[in-house]
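Engineer: one predicted model, sequence on top.
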Amino acid sequence: QTFRHAVTISGLRPSSVARMRMGSFAAARAAAVAAAALFVMQATGKIAPEVTLAQETVTVKVRMFWIRHGQSCANVMDQCKVRSTEASKYLPKVEAALRKYGMEHEEAPLTGELMEPDGKEPDCMVELVSDRLRPGARGEDGAIIRVHDLIKDPPLTLCAHHQSSRAGTAFMEWLRENDIKIDFLGSSFLMRAFETASAMFLEQDEALREAVLRPNIRVTPLPYLRERAPPGYTSVERDNEPRNIAEQLRILQRASFEHGTKFDERMCNRHFAESWPSLQHFEKFKAFLAAHVVPSLSKVRRDLPWASASEFELLKALEAQLETEMDLEKHGEYVEVHWAGGVYETGKDFTKTEYSAIDAPEVTIALVGHNQMMLEYCFGGDRASKPNNNAVLEKLFIVEATPGIEGRDIQYARIVMRELAGHCAKVMDAPAGNESLASLVYDDVANCQDPYDVSEWIGIQKPREPPLIGAFGFSRKRDTTRCMSLADRGPLCYPIGKEFSPQPAAVAAQ
């Protein structure tokens, strides 16, 4: 262990050391090498002569409730009803959207063809003309893209906001019944994710919030959680490109006035969204969670004041030492990241029985994320296990933090992140998305206007008397729609998984 600290502080990579399984001879040899290494490092001034060896490891259990966001204005385009014969009317709208945001392929013209949904893709499609894209093909380098690929960072539909609020009520009531407090509320950088988090947790009644949420909790968008299409699926993903956080908050705040949602921009902690990368990378997220988020939580902060990595040093180390992107095939491989003052590494996985048996403080995190990442890192990519919008999964981690060498100016921490083996358990289910899609009316998607009016694409007629927007919202009363009412059927809508439901007395007695 001392050898690991010496090597880390010296700036060398201790990868091979991390994999050592020492017998008595190897341990004796390592001790001798450690003594020599420390002597050399002291003599050269790499570390201060005052050395404190490792103390007792602090263990923290992390219970993460991983929630899929509600349906967005892009999701509902899977009900596209526009016919190819209407190309002259709709292609100019697509071209305007393509040019709007100043992103990749913005100068590419369209072929002039509008493709209807087929057996593989339920959205309408268009084809770009670019020498960087393969004509007549779909995929990462294909010229054919879906119309909803051009809807940059969409918000929830009004129906989905309503459903998310009801889902939050059901889930928070379960948390209250089981005396579970949420220590941290996070999401990805995408608007539909932190809007869902706000609707589910922060827009509930005061008594429920006080019973379940730690004081002063806000939604904190976190790095490395962005959604991405399945590999090889599309060349354009503007729906997965986050807008600037200030613009996101303006859009959602305006919807609060115009459509009666309860979003308040003060509910959002925008710090990481302004300074960290938005890409998807599960191992970088785990390192960020273990080395920065967990040690900062009030429940364990007194035990881990030395364990929280410098934000700048951690960011620099993650970006320099790990690949930009991560494929599912690499999940479970050993990962190590080191910086001035610490080292992070992944450890052995564990079972839920082992997790339950550990006597250690537990922090509870609610995290709103996205389908593809949840599928891959909860179910190994099995598409048959796709979670419904607003469904809640349980992902468990164990963080083991050990204080190490301290010199005059150096605090050192070795942080090991262990992950639950196998699949995530489903804590709470939600209505299937196709039910919502099949029941949409204009009031469900009235906010979906950028870069085009989604209602026109999915065959929904506007009311004869469009609602008038005033300082305090619409003048026309908005009724609960059929789509919204799917969330109003009580426990039947949001059933709690058997593993998490109270057992009947007779069963418990057995």
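Structural biologist: Received the coordinates, thanks. Numbering: from 1, shown residues only.
Engineer: how far away is the most centrally placed residue in the chain from residue 480?
Structural biologist: Most central in the chain under Cα atoms, centre = their mean is residue 369, positioned 3.3 Å from the mean C-alpha point. From residue 369 across to residue 480, the span is 28 Å (Cβ to Cβ, to the nearest Å). C-beta coordinates here come from the backbone N, C-alpha and C atoms, glycine included.
Engineer: residue ranges in the chain under the pLDDT threshold?
Structural biologist: Counting by pLDDT under 70, the low-confidence segments of the chain come to 1-55, 405-411, 465-478, 503-510.
Engineer: do a quick rundown of the strands in the stretch 401-510 of the chain.
Structural biologist: For the stretch 401-510 of the chain, the strands defined by DSSP state E, counting those that start in this stretch occupy 413-419, 425-428, 469-470, 473-474.
Engineer: pick the most deeply packed of the ones you listed.
Structural biologist: strand 413-419 (a mean of 22; mean count of other Cβ atoms under 10 Å).
Engineer: residue 96: neighbour count?
Structural biologist: 12 (other Cβ atoms under 10 Å).
Engineer: that one touches residue 450, doesn't it?
Structural biologist: No - using Cβ atoms under 8 Å, residue 96 makes no contact with residue 450, being 11.1 Å away.
Engineer: picking that back up, my read: the residue nearest to the centre of the chain touches residue 65, true?
Structural biologist: No - using Cβ under 8 Å, residue 369 is not in contact with residue 65; the gap is 10.7 Å.
Engineer: what separates residue 340 from residue 400, distance-wise?
Structural biologist: For residue 340, the distance to residue 400 equals 21 Å [Cβ to Cβ].
Engineer: ignore the last one, residue 284
Structural biologist: Distance, residue 284 to residue 400, by Cβ to Cβ: 19 Å.
Engineer: neighbour count winner among those two?
Structural biologist: Applying other Cβ under 10 Å to residue 284 and residue 400 shows that residue 284 carries more neighbours, namely 26 against 17.
Engineer: which of the three states applies to that one?
Structural biologist: Secondary structure state of residue 284, per DSSP: H, G, I helix; E, B strand; the rest coil, is helix.
Engineer: quick one: it from residue 318, how far?
Structural biologist: With Cβ to Cβ as the criterion, residue 284 and residue 318 are 5 Å apart.
Engineer: repeat that for residue 251.
Structural biologist: From residue 251 over to residue 318 (counting by Cβ to Cβ), the distance is 30 Å.
Engineer: out of these two, which sits in the more crowded spot?
Structural biologist: residue 318 (24 against 19).
Engineer: using PDB, write out the CA atom coordinates for whichever helix or strand the more buried one is part of.
Structural biologist: Assessed by DSSP states H and E, residue 318 sits inside helix 311-321. This file holds the C-alpha atoms of helix 311-321, laid out as PDB (Å, rounded to 0.1, in the frame of the first residue of the first chain):
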ATOM      1  CA  GLU A 311     -12.700  19.800  -9.300                       C
ATOM      2  CA  PHE A 312     -10.100  21.200 -11.700                       C
ATOM      3  CA  GLU A 313      -7.600  18.400 -11.100                       C
ATOM      4  CA  LEU A 314     -10.200  15.700 -11.400                       C
ATOM      5  CA  LEU A 315     -11.500  17.100 -14.700                       C
ATOM      6  CA  LYS A 316      -8.000  17.400 -16.100                       C
ATOM      7  CA  ALA A 317      -7.100  13.900 -15.100                       C
ATOM      8  CA  LEU A 318     -10.300  12.300 -16.400                       C
ATOM      9  CA  GLU A 319     -10.000  14.000 -19.800                       C
ATOM     10  CA  ALA A 320      -6.300  13.200 -20.200                       C
ATOM     11  CA  GLN A 321      -6.200   9.600 -18.900                       C
END
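Engineer: what helices or strands is that helix leaning on?
Structural biologist: helix 282-288, strand 336-339 (3 or more Cβ pairs under 8 Å, 6 or more residues apart in numbering; DSSP states H and E).
Engineer: so how far is the helix or strand just after the shortest one from its chain's centroid?
Structural biologist: Stepping forward along the backbone from strand 336-339, the first helix or strand reached (DSSP H and E) is strand 342-346. In terms of Cα atoms, centre = their mean, to the nearest Å, the centre of strand 342-346 is found 22 Å from the chain centre.
Engineer: again with stretch 110-127
Structural biologist: On Cα atoms, centre = their mean, the centre of stretch 110-127 falls 30 Å from the chain's centre.
Engineer: and that stretch, how far apart are its ends?
Structural biologist: End-to-end span of stretch 110-127 (Cα to Cα, to the nearest Å): 6 Å.
Engineer: buried ones in it?
Structural biologist: Within stretch 110-127, the residues scored as buried using 16 or more other Cβ atoms under 10 Å are 110-111, 114-115, 117, 121, 123-127.
Engineer: next: stretch 330-337.
Structural biologist: If you call a residue buried by 16+ other Cβ under 10 Å, then stretch 330-337 has these buried ones: 335-337.
Engineer: how about the CA coordinates for it, as PDB?
Structural biologist: This file holds the C-alpha atoms of stretch 330-337, laid out as PDB (Å, rounded to 0.1, in the frame of the first residue of the first chain):
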ATOM      1  CA  LYS A 330     -15.400  -2.000 -21.900                       C
ATOM      2  CA  HIS A 331     -17.800  -1.900 -19.000                       C
ATOM      3  CA  GLY A 332     -16.200  -3.900 -16.100                       C
ATOM      4  CA  GLU A 333     -12.600  -3.400 -17.200                       C
ATOM      5  CA  TYR A 334     -10.200  -2.100 -14.600                       C
ATOM      6  CA  VAL A 335     -10.000   1.700 -14.600                       C
ATOM      7  CA  GLU A 336      -7.500   3.900 -12.800                       C
ATOM      8  CA  VAL A 337      -7.100   7.700 -12.800                       C
END
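Engineer: run through the helices of the stretch 1-150 of the chain in chain order.
Structural biologist: Ranges of helices in the stretch 1-150 of the chain, per DSSP state H, counting those that start in this stretch, are 2-10, 15-18, 24-44, 87-100.
Engineer: the strands in the stretch 251-400 of the chain, which residues?
Structural biologist: Under DSSP E, counting those that start in this stretch, the stretch 251-400 of the chain gives strands at 336-339, 342-346, 362-369, 392-403.
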